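Chemist: fold the following and give me the result.
(chains A and B)
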Amino acid sequence: MQIEQRYFIPGEGWRPSTAPALGAAADWVLVFGSRERVADARLFRQVRAWYPEAHLMLGSTSGEILDTEVSDDRLTVTAVRFAHTRIRATSIRIDEVADSFAAGRMLAERLAAPEPALVFVVSDGHFVNGSALAQGFNRRLPPGALLTGGLAGDGVRFERTLVGLDALPTEGVIAAVGFYGDRLRVGFGSSGGWAPFGPVRRITRSEANVLYELDGRSALALYKRYLGELAEGLPGAALRFPLCIWTPDGDRTLVRTILSIDEENQSMTFAGDVPTGARARFMRASYEDLVDGAAYAAEHCVRDSRIENAELAICVSCWGRKLVLGQRTEEETEVVREMLGTQPVITGFYSYGELAPPESAEWCELHNQTMTITIMKEIE
Amino acid sequence: MREEANEITHRLLKRQIRKLLGEATEIPPAWRKLLRAVNETYEQHDADRKLLQRSMDISSEELIEANDRLFRELEKQALVLKQLNDSIRALELDDFDHGLLGEDVLSVARILNEQIALRNRAEKLLREREEGLRLILESAKDYAIYTLDPDGRITTWNAGAARIQGFSAEEVLGAHFSRFYTEQDVALGLPEQLFEEAVYAGRSETQGWRMRKDGTLFWADVTLTALREESGMLKGFVKIARDITDRKQAEETLKRAKAAAEAANRAKSMFVAHMSHEIRTPLNAIIGMTSLLLDTSLSVEQRGGVETIRASGEALLAIINDILDFSKIEAGKLALDAQPFDLRRCVEETLDLFAARAAKKGIELAYLFDDGMPARIEGDVTRVRQVLVNLVSNAVKFTERGEVVIAVRGQREGDVVRLRFAVRDTGIGIPKERRGRLFKAFSQLDPTDTRKYGGTGLGLAISKRLVEAMGGTIWVESAEGAGATFCFTLPARPAPGAEAAPAPALAGRRALVVDDSAVAREMLARWLRAWGMRPVTAATGETALARYAEEGPFEVALVDAQMPEMDGASPAKRLCEAFGATPIILLTSLSTLETMKNDGGACRHASLAKPLKRRQLHDALVAVFAPKPRDGAPPSMQSPPPEGRKLAERHPLRILLAEDNLINQQVALQLLEHLGYRVDAVANGLEVIEALERQPYDVVLMDVQMPEMDGLEAAQRIRRTFAEDRQPYIVALTANAMQEDRERCLAAGMDDYLSKPMRVPDLTRRLRAVSSSGDGGRPS
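Modeler: Below you'll find the model as predicted:
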C-alpha cells in the first residue's frame, strides 16, 4: 500500500506544492474540507488532474484531521494505492429523509458480493437519517463485512453537508467504497468518554429523530435551562450535553447528539432516532475524559484487530468533542498517534455522526460523540 | 496597547499582563497572537468550569425535586394503599386471608382486580338467573306465583296469577291475600292459620276453595313459603297456587268409582260365599243320604246308580270348595299361618293322598329331598300342602304311566331358606303356547280337558295366588309329550327341631335296593346312605341276582313288589327264593298288598306301602336288625291300612267330619277311609247341625275355625239343642296346640281334641276309646 498526503490552505496554496508521486496509480483518494473548500470546483479539478484513475471520495467536515493536526478551513487529500486490494465505489443521492434506509440497502447490494473486507461510507450528515442508513446496510451486507465511516459535517453551522464520489459534492449523497481481497487486514475502534449524569428521563414525545418532550416537558426548555447563557449557542451548545439513550431491549446505550433546533415547534433534531418510551439521560465530559476516550478507541482498534503497524488510519471524530476540547482538540489526535505508533498515515474529519459496529457486534450503528478509528494494512 | 486591552478579555490575564509586563509595555505582534490564544484558553476554561458547575447544580436541583416528588408520591401511595386495603376489608370476603393485605400497591391492585372480575362474573350470573327466573315466572301460566310482604299484602303478581285468579296486577297489588278466601274460610281463620304455619314452619301447604275475581270458586293447591334475610328477619312470602279443580273432580269421580267397584266386589264375594254355602248344604244332604242308602241292601244296578250319585256329589263338592277357596283369596281374606311344621311329613302326606289313584294307574310316587334341608320350617303347612296337592293331583291326572316326583331343594339366604319345590311328571306335557294361560282362573288347556280330566281349572290359579301370597313364584317347565314340571319357590324360616337321628344299628349295613323306578332307587339309596348304610341298587330282577352273586350276601334287601315279571313269576318271589336268609322288605302299593300277603312268603320281614315314608322305612329297618324274639318269628311291620280296616270292623262308628279346608278334609277322609270308615264331611258348624238333624253320628271330628259357624259355637248348640241319645262324641280338630285353646274347646262342650294335622295313631286311639266306652254313643 502506498499513501501520499497534501493539503490546501486558503490564501497560501497546496503543501507540498510539488506534483504527487502516485498520480494515475492511485486507487482511492479521500478529500475532506470545509463546505466551501470541498465545493470549490477549481480545487476538485486540480485533485482529479493529479489522480485521474482514482475514485475520489469527498466530504464536507467540521474540521479536518491530517496526521495529528486539526484544521478548520483546509482541504486535505490522502491518495492510496493498494498493492493487492481491489476497490469498488458507489454512491446514491436521496431527496427524502425517509429513503435513508432504502439507500443503505441499495448501496450494500451493490457492494455485497464478493464479500468485502470493509465498506467505508461517507454520507450526507444533515439530511440523511444515519440510524436508518446503517440499518439499510445491515440488511444486505454479509455478516463478516465490516462497515465504518461517518456523516459529513458543516462546521458549527448545521446548514448543509456535502458529499461526492468522483464528482463535485452535493447534498443528500451517500458514497461507499468496498475493499476486496484477502491481503487486506482491517480493524476499528470506537469510544466516546462521556459519562451520564443527573436524573434518568423518559422520552415522552418524539418522531423518529425529532425530540419534543422528556418526562412530559419540553426538551428544548430543559436544554436551555442547563445551558444558561450558553443557550444562545444552540444548537451547537447542546453538544455539551449529548443524550444517552437505552435501546428498547434495555441492555445497551447509544449516544445521540443534536443536529438542529426548532423554536417554533419546541423540538430538537438528533443525528439518530430518539424513540418514544426510551429512557434517556444527559451526558457530560471534561476534556480529559474525551482524550481518554480517544485513547481507548485507538487501543481497542489495535488490540481487537491484532494489526501492528497499520498503514492507514482514518479517524472520524464527533464535532461535539471538538467543541468541548477547544484549543486542546489535537490532544486526542496526538493520543491516537501515540497508541497507533509512528507507522500509519492518519487522515480523517470531525463529523456529524460516526458509523461502526457497537462493541463486539457484527452490525453497524450510528454513533455520536465518539472517536471512531478505522485502520488498514495489506500483508505480503 | 489599547488594542490589546480590547483583545484581551479575561480579567485574570489582563491583570497578569498589567502586573508582569506593565501598561505601557510594547508587546511584539507574535506575542500578542500568543496572548490572544492564552486569553481564549482562559475564557474557555472558565466557561467549561461554569457549565460543569451549573449542570451539577441544576441536576442536583432536579434530583432534589425528583426526590421530593417521590416522597409526595410515596405518601400518596401509602394513603391510596390504606384506602384500597380498607376497601378490600369492606368487601367482607369470606375466603380471603387478610394477612395478604400489605404494603404492596400492586398486590392490592391484583386482589382488587380479581375481586372485581369475580363480582362482575357473579353479577352477570345473577342477572342471567334473574332474567331466567323472570321468564319462568312469566311463562308459568298454570301457576299463580306472587309475593307477599311480612303483613300478607301482595307485592308482585305474575301472569299465571292473573290468568287463574282473574285479577290484574294493578287490582291486587297491596291487597291482603285473604281476599281470595271465601267468607266462610275467613270466618274460620284459615288465612291466618296458613300464614302462621308458614311463619313458624317456614312453609305451609294446603288445598282449598279459593275465589276468582268473578266470584266463582276453584280448588287450589297452595304453597306458602316464608322468605327470610340472613339475619332471620322475615322479608315476606312466596305463594304458589295451582288450580287443580279438574284433578280434584277427577279424584272424586275415581274415589266414587273405586268405592262402587269395591262394594260390587264385596257383594260378589259375599254372593259366591253365600251361594257356595247354599249349594253345599243340599249337596251334603245328597252325599249323606247316598251313604245311608249304600248301607242298605241294594240291587247291583241300584248300587251302581247310588255310587255314581255319591261320586258326582263329591266331585261337585270339590268344585264348590275350589270356588269358595278362590273367592276367599280374591276377596283378600287369605290369612296365612306361621307355625313350625315338618316339611318331610307335609310332602309324604301329600303323596299319601294320591297313593290309591297312583296305584290304580301304576304310577310311581316318590320324592327327593336335597341334603342339608332343614327338617322343620315355619309357615302355613295347610297352604303349602294345598299347593302340593293341587300340583300332584294334576300330575297324577295327566300321567298315564311313569312317575310323579316331588323334588325339594333348599338354598340358604341369610336366615331364610329359599325352598324350591318341583313336581315332575311323565305325562302329556303342555304345549308352549298354552303355558301363559295356565295359571289363570278357569283355563284348562282345552275345553275338552274338562270333560276328560274333570276339575274346575281353578287349582293352578289358586296355587299361584297362594304361592305369591307366601312370597314365592310359580312356573312350569314342559315339553309337549315329555311331561311337565311345575315349580314353585317359597322363602321359609327354618324352625328348631331336627330329624330324629338314625339308629346306630343301621350304620355300615349293606343293603340291596331293587326297584325298576330310577327315582325310587335314588330316593331309597339316599335315605340309606343318610342312615350310614351302604346301598347297592338294581333296576331289574336279573340285575339284582347278578349283584347278589357278585357282591352278596346283603344284610337286607328292599324289593319293589311291582316289577315286570321274571320267568312268569313276580320278581319279588324269585328274589325271596334266591336270597335265602337275607331279610327282605317288600315295597308294595295298596292294590298289590293283598296279593303280596301270599306272595311274600316266609322270607318277607316287612312290607311297606308306597309311597314310602322315610320314618317308616327307618323303623322297619331297625326292626330287621333288632335282636330276634325267642319264637323266631320275624317282627312284622305292617302298614296301617290292613290293620286299620280291621279297626272299623272292630269298632264301627258313624263319623262326621267338619272341616272347611278342602285339603285337610281330604287328608282326614283318606285316613279314616284307610281305617275302614265311611265318613261324611261338612264345611262348617251350620252344616254339622243340619247333618246331625238328618241322622245321628257317633263321632263328630270338628274343626274349630270354620266360616259361618265355628266349631265352638256348633258344639255349644249341639249340646244345647240335641237330645241326650243323639249327642255325638265331639273331638276338636285344632291347629292351635295351645293349652288355653284346648280348654276353650272343652268349655264349649267338646269331649276331646286332636292336633292338626291328624296322625293315625292319635286318631285310632280316640276312636277305640269312643267305641269301647259305649255302643257307639257318647262316652259318659
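Chemist: so B:I428 sits in a strand?
Modeler: No: going by DSSP: H, G, I helix; E, B strand; the rest coil, the assignment for B:I428 is coil, not a strand.
Chemist: report the contact partners of it.
Modeler: Neighbour list for B:I428: B:F398, B:T399, B:E400, B:E480, B:G481, B:G483 [criterion: CB atoms under 8 Å, 6 or more residues apart in numbering or on different chains]. C-beta here means a position set from N, CA and C on the backbone, and glycine is covered the same way.
Chemist: repeat for B:A109
Modeler: B:L84.
Chemist: any idea how far it lies from A:R202?
Modeler: Here B:A109 is placed at a distance of 22 Å from A:R202 (CB to CB, to the nearest Å).
Chemist: next: B:Y677.
Modeler: From B:Y677 to A:R202 the distance is 131 Å (CB to CB).
Chemist: more crowded one of those two?
Modeler: Using other CB atoms under 10 Å in any protein chain shown as the criterion, B:Y677 and A:R202 rank with B:Y677 on top: 22 against 15.
Chemist: my guess is the more buried one contacts B:R650. True?
Modeler: No: using CB atoms under 8 Å, B:Y677 makes no contact with B:R650, being 11.7 Å away.
Chemist: pick out the residue nearest the middle of chain A.
Modeler: A:G150 (2.3 Å; CA atoms, centre = their mean).
Chemist: in chain A, what residue lies closest to chain B?
Modeler: Closest approach between chain A and chain B, counting by CB to the nearest CB: A:G198, at 3.3 Å.
Chemist: tell me the mean pLDDT for stretch B:274-290?
Modeler: Averaged across stretch B:274-290, the pLDDT comes to 74.
Chemist: identify the residues contacting it?
Modeler: B:306, B:309-310, B:313-314, B:316-317, B:320-321, B:323-324, B:327, B:680-684, B:686-687, B:690-691, B:694-695, B:707-708.
Chemist: kindly report the same for stretch B:303-323.
Modeler: Contacts of stretch B:303-323 (CB under 8 Å, 6+ apart): B:272, B:276, B:279-280, B:283-284, B:286-287, B:290-291, B:293-294, B:298, B:454-456, B:458-459, B:462, B:662, B:665, B:681, B:683.
Chemist: returning to that earlier point: kindly provide the distance from the residue of chain A closest to chain B to B:K248.
Modeler: 94 Å.
Chemist: looking at the two now, which is surrounded by more residues?
Modeler: Using other CB under 10 Å as the criterion, A:G198 and B:K248 rank with A:G198 on top: 20 against 16.
Chemist: host element of the more buried one?
Modeler: Assigned by DSSP states H and E, A:G198 belongs to strand A:195-207.
Chemist: what residue in the stretch 251-400 of chain B comes nearest to chain A?
Modeler: Closest point on the stretch 251-400 of chain B to chain A, by CB to the nearest CB, is B:E251, at 81.5 Å.
Chemist: what about residue 11, how many residues close to it?
Modeler: Reading this off chain A. When neighbours are defined as other CB under 10 Å, A:G11 has 5 of them.
Chemist: nope, chain B please
Modeler: Number of residues near B:R11 (other CB under 10 Å) recorded here: 10.
Chemist: same check, this time on the one 10 residues further on
Modeler: The tally of other residues near B:L21 (other CB under 10 Å) stands at 15.
Chemist: hang on, the residue of the stretch 251-400 of chain B closest to chain A in a helix?
Modeler: Yes: membership of B:E251 in a helix is supported by three-state DSSP.
Chemist: and B:S204, which of the three is it?
Modeler: With three-state DSSP as the basis, B:S204 sits in strand.
Chemist: next, the contact list for it, please.
Modeler: Neighbours of B:S204 in contact, by CB under 8 Å, 6+ apart: B:L194, B:E197, B:A198, B:T223, B:L224.
Chemist: cool, A:G155 as well?
Modeler: A:S34, A:R35, A:T61, A:S62, A:G63, A:D72, A:W319 are the contacts of A:G155 under CB under 8 Å, 6+ apart.
Chemist: for A:V128, which non-adjacent residue is spatially closest?
Modeler: A:S100 (5.0 Å; CB to CB, 6 or more residues apart in numbering or on different chains).
Chemist: now for the strand holding A:G198, which elements pack on it?
Modeler: In this structure, strand A:195-207 makes packing contacts with strand A:210-214, strand A:279-284, helix B:29-91, judged by 3 or more CB pairs under 8 Å, 6 or more residues apart in numbering or on different chains; DSSP states H and E.
Chemist: run the last query once more with 10 Å
Modeler: strand A:210-214, strand A:217-218, helix A:219-227, strand A:243-246, strand A:267-270, strand A:279-284, helix B:29-91 (3 or more CB pairs under 10 Å, 6 or more residues apart in numbering or on different chains; DSSP states H and E).
Chemist: is the next helix or strand after the fourth one anywhere near chain B?
Modeler: Past strand A:243-246, heading to the C-terminal end, the next element that is a helix or strand (DSSP H and E) is strand A:253-256. No: counting by CB under 10 Å from any CB of the partner chain, chain B has no neighbours in strand A:253-256; the shortest distance is 16.5 Å.
Chemist: angle of the helix or strand just after strand A:253-256 against strand A:210-214?
Modeler: Where DSSP H and E defines the elements, the next helix or strand beyond strand A:253-256 is strand A:258-262. Per axes from the mean of the first three to the mean of the last three CA atoms, to 10 degrees, the angle that strand A:258-262 makes with strand A:210-214 is 80 degrees.
Chemist: ok, and does strand A:258-262 reach over to chain B?
Modeler: No: judged by CB under 10 Å from any CB, strand A:258-262 stays clear of chain B, getting no closer than 15.4 Å.
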